[in-house]
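S.K.: Please work out how this folds:
(2 chains)
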There are 2 protein chains.
Amino acid sequence: MGAALEHLLTSGGKRIRPALVLLTGQMLGAPREKLVTLAAAVELLHTATLVHDDLIDGALLRRGMPTLNARWSPAATVLTGDFMFARAAKLAAETESQPLMKLFAITLATIVNGELTQLFAARGVINRENYSQRIYSKTASLFEMSTRAAAMVSPTGDEITEAMRQYGYLLGMAFQIMDDILDFTGDQETVGKPLGSDLLQGLVTLPTLYYIEAHGDDEDIRLLADGGYGDRARVARLVESIRSSEAIDRSLEEAKGYVKKALDLLEGMSPSQEKQALEDLASYIVTRKI
Amino acid sequence: MGAALEHLLTSGGKRIRPALVLLTGQMLGAPREKLVTLAAAVELLHTATLVHDDLIDGALLRRGMPTLNARWSPAATVLTGDFMFARAAKLAAETESQPLMKLFAITLATIVNGELTQLFAARGVINRENYSQRIYSKTASLFEMSTRAAAMVSPTGDEITEAMRQYGYLLGMAFQIMDDILDFTGDQETVGKPLGSDLLQGLVTLPTLYYIEAHGDDEDIRLLADGGYGDRARVARLVESIRSSEAIDRSLEEAKGYVKKALDLLEGMSPSQEKQALEDLASYIVTRKI
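M.R.: Sure, this is the predicted structure:
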């Protein structure tokens, strides 16, 4: 058990969510101790969902390292995830903030509900609205919670709290779109998982949606619509077609659009190191290669 | 997903934990609405842990009905459990009680930690202390939380809250010992799972511990100590030996001892219908056949 947790805690990750908590809270003058507790709760919640996620997907690699799922039994994986949920809930409770506890529970419900919807939904072609809902549940909801919760424990008003909630939401949407782009364009070794893995699982993301708009007659797309994503050779060809099409740039533009709005929201804040770091973080999200 | 939840919610169970919340809270004058929320949170938390438990054990029957695990994929089972955790946490947050939220998180951690310990611990012979810790994590912790939480949202003092916490703890210990007895003595169809299922899984419970004390030279016991519980015929013989030995009565006496202490704690309370029901519930726990 200690070994299972150690494996998780040393296998890296970008720790963007706790960074959002700390920077937002420090910018707004929140007590340091509460922020650290909150940041830990957010990262634990995130890691717990990843652990169960990898079990569900049967993923063997995460961040280029073997997943718990690859090394341990499903039983150990389920329970390690549960244990992290419990620890996260305990940390959230230690912030002593009632609305924050509710937000925490609602966010967990949003994430899990999104996964259930994805699990039971038919694979293949989806529309833009499905996609937006999915990436909100999967990623933006926790980004949104991170900045919102940090603002909630800060000595600030509703307007700033709402602005920081939106900032987190926008960053989360951009982050997931970027993840979905990197699944096509990334360097396999750096990203740490096979390229085109989404499509191989029948998961349609933004680059594919843009590609479909422009190349609806591509026979490989029709294959996808028929649920034929099991044909690995044809899916690999489709991944290559999308990768070299304008769909990548369009998706990138969309991610940048979210970041632009997020930066606009920061404009009103007084200058500080943390504000600068939040701006840099927003820009990093759409330039990252991993 | 709706179907998965419906399956769970209609497959029965004794609903003892919500009954404990409602009776304790009503006896002590807690607001009805808070109690109903709390009772729902407790039962959801309990059901969520059962869902993951059945996945971990690979159990195909629970309460005589097919488990989610038997009907759905592991992915759906993990996520349904997670979804119930999230809903339970949300309900707990809605009680608007900070200490209660912490208690909720700590109890979840206790339960999961107990399961992890059991999973990673060597099978076979354990001592009394291991056994007590295990049944505390598995069952008594949530019973204890149910009565304690109900007292915490009631207009009452620390002394009564502590008495009701102990009452819940004692009932939970008795309940699990009784469960472990019924695994040997129960009517297979009524209990809804195979007899001797604990020993078949290499799980030593109180009746086996008492049997070992008196019959340490039984060759089937030595088999167990060697991890030989995979030999079903010999385990079946051992189950029969334990079932017809004095170990059953001794275990029952121990369960009754817990109930006796629980009843003593109720003595100081003013008479009420709820107090009477809590007394009846305590007595029921050690006379039940299912």
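
S.K.: Does anything pack onto the helix or strand A:R237 falls within? Which helices or strands?
M.R.: Using DSSP states H and E, A:R237 sits in helix A:232-243. In terms of contacts (3 or more CB pairs under 8 Å, 6 or more residues apart in numbering or on different chains; DSSP states H and E), helix A:232-243 is packed against helix A:158-185, helix A:197-200, helix A:206-214, helix A:219-225. Glycine gets a C-beta too; all of them are placed from N, C-alpha and C.

S.K.: Nearest to chain B, out of those helices?
M.R.: helix A:197-200 (16.6 Å; CB to the nearest CB).

S.K.: Now do that closest one, average pLDDT.
M.R.: The average pLDDT for helix A:197-200 rounds to 84.

S.K.: so what's A:S272 closest to, chain neighbours aside?
M.R.: In space, and not counting its chain neighbours, A:S272 is closest to A:M27: 5.6 Å by CB to CB, 6 or more residues apart in numbering or on different chains.

S.K.: count of neighbours near the one you found?
M.R.: 24 (other CB atoms under 10 Å in any protein chain shown).

S.K.: ok, now A:G168?
M.R.: Using other CB under 10 Å, A:G168 has 29 neighbouring residues.

S.K.: And for it, nearest residue in space, chain neighbours not counted?
M.R.: A:T147 (3.2 Å).

S.K.: same question, A:A75
M.R.: Using CB to CB, 6+ apart and skipping residues adjacent in sequence, the residue nearest A:A75 is B:I56, 4.0 Å away.

S.K.: before we move on, back to that, do you know the pLDDT at the residue nearest to A:S272?
M.R.: 97.

S.K.: Pull stretch A:237-245 out as CSV, backbone CA atoms only.
M.R.: In CSV, the C-alpha atoms belonging to stretch A:237-245 read as follows (Å, rounded to 0.1, in the frame of the first residue of the first chain):
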residue,chain,number,x,y,z
ARG,A,237,-4.1,6.3,-41.5
LEU,A,238,-6.9,8.6,-40.2
VAL,A,239,-4.7,9.8,-37.3
GLU,A,240,-2.0,10.8,-39.9
SER,A,241,-4.6,12.5,-42.1
ILE,A,242,-5.9,14.6,-39.2
ARG,A,243,-2.3,15.3,-37.9
SER,A,244,-1.4,16.8,-41.3
SER,A,245,-4.6,18.7,-41.8
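
S.K.: Check which helices and strands the helix or strand hosting A:S251 sits against.
M.R.: Here A:S251, judged by DSSP H and E, is contained in helix A:247-266. In terms of contacts (3+ CB pairs under 8 Å, 6+ apart), helix A:247-266 is packed against helix A:158-185, helix A:206-214, helix A:273-285.

S.K.: Relative to B:I16, which of those is closest?
M.R.: Of all these, the one in closest proximity to B:I16, counting by CB to CB, is helix A:158-185 (41.1 Å).

S.K.: Show me which positions of that closest one end up buried.
M.R.: For helix A:158-185, the neighbour count (16 or more other CB atoms under 10 Å in any protein chain shown) marks A:160-161, A:163-185 as buried.

S.K.: And stretch A:108-122, by the same measure?
M.R.: A:108-116, A:118-119.

S.K.: out of the residues you listed, which touch chain B?
M.R.: Near chain B, judged by CB under 8 Å from any CB of the partner chain, the entries from the buried residues of stretch A:108-122 are A:108-109, A:112-113, A:115-116, A:119.

S.K.: Quick one: those residues as JSON lines, columns for pLDDT and secondary structure too.
M.R.: Shown next, in JSON lines, are these (pLDDT from 0 to 100; DSSP: H, G, I helix; E, B strand; the rest coil):
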{"residue": "A:L108", "pLDDT": "92", "secondary structure": "helix"}
{"residue": "A:A109", "pLDDT": "92", "secondary structure": "helix"}
{"residue": "A:V112", "pLDDT": "90", "secondary structure": "helix"}
{"residue": "A:N113", "pLDDT": "90", "secondary structure": "helix"}
{"residue": "A:E115", "pLDDT": "87", "secondary structure": "helix"}
{"residue": "A:L116", "pLDDT": "86", "secondary structure": "helix"}
{"residue": "A:L119", "pLDDT": "79", "secondary structure": "helix"}
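
S.K.: Quick check: residues of chain A near chain B?
M.R.: Proximity of chain A to chain B, by CB under 8 Å from any CB, involves residues A:1, A:49, A:52, A:55-56, A:74-76, A:78-83, A:85-87, A:89-90, A:92-94, A:96, A:98, A:101-102, A:104-106, A:108-109, A:112-113, A:115-117, A:119-120.

S.K.: and of the helices and strands packed on helix A:247-266, who's closest to B:P18?
M.R.: That would be helix A:158-185 among the helices and strands packed on helix A:247-266, by CB to CB, at 35.0 Å.

S.K.: hmm, back to that, was I right to think the residue nearest to A:G168 contacts A:Y167?
M.R.: Yes. Judged on CB atoms under 8 Å, A:T147 makes contact with A:Y167 at a distance of 5.6 Å.

S.K.: what sits in contact with each of these two?
M.R.: Common neighbours of A:T147 and A:Y167 (criterion: CB atoms under 8 Å, 6 or more residues apart in numbering or on different chains): A:T24.

S.K.: any idea how far A:Q98 lies from A:A86?
M.R.: Distance from A:Q98 to A:A86, counting by CB to CB, to the nearest Å: 19 Å.

S.K.: Tell me which of these two has more neighbours.
M.R.: Remark: of A:Q98 and A:A86, A:A86 carries more neighbours, 24 against 16, as counted by other CB under 10 Å.

S.K.: Let me know the next secondary structure element after the helix or strand of chain A with the lowest mean pLDDT.
M.R.: In chain A, the helix or strand scored least confidently by mean pLDDT, DSSP states H and E is helix A:2-9, which has a mean of 56. Beyond helix A:2-9 on the C-terminal side, the first helix or strand identified by DSSP H and E is helix A:16-27.

S.K.: quick one: buried residues of the helix or strand following that next one?
M.R.: Per DSSP H and E, the first helix or strand lying C-terminal to helix A:16-27 is helix A:32-57. Residues of helix A:32-57 classed as buried: A:34-35, A:37-57 (neighbour count, 16+ other CB under 10 Å).
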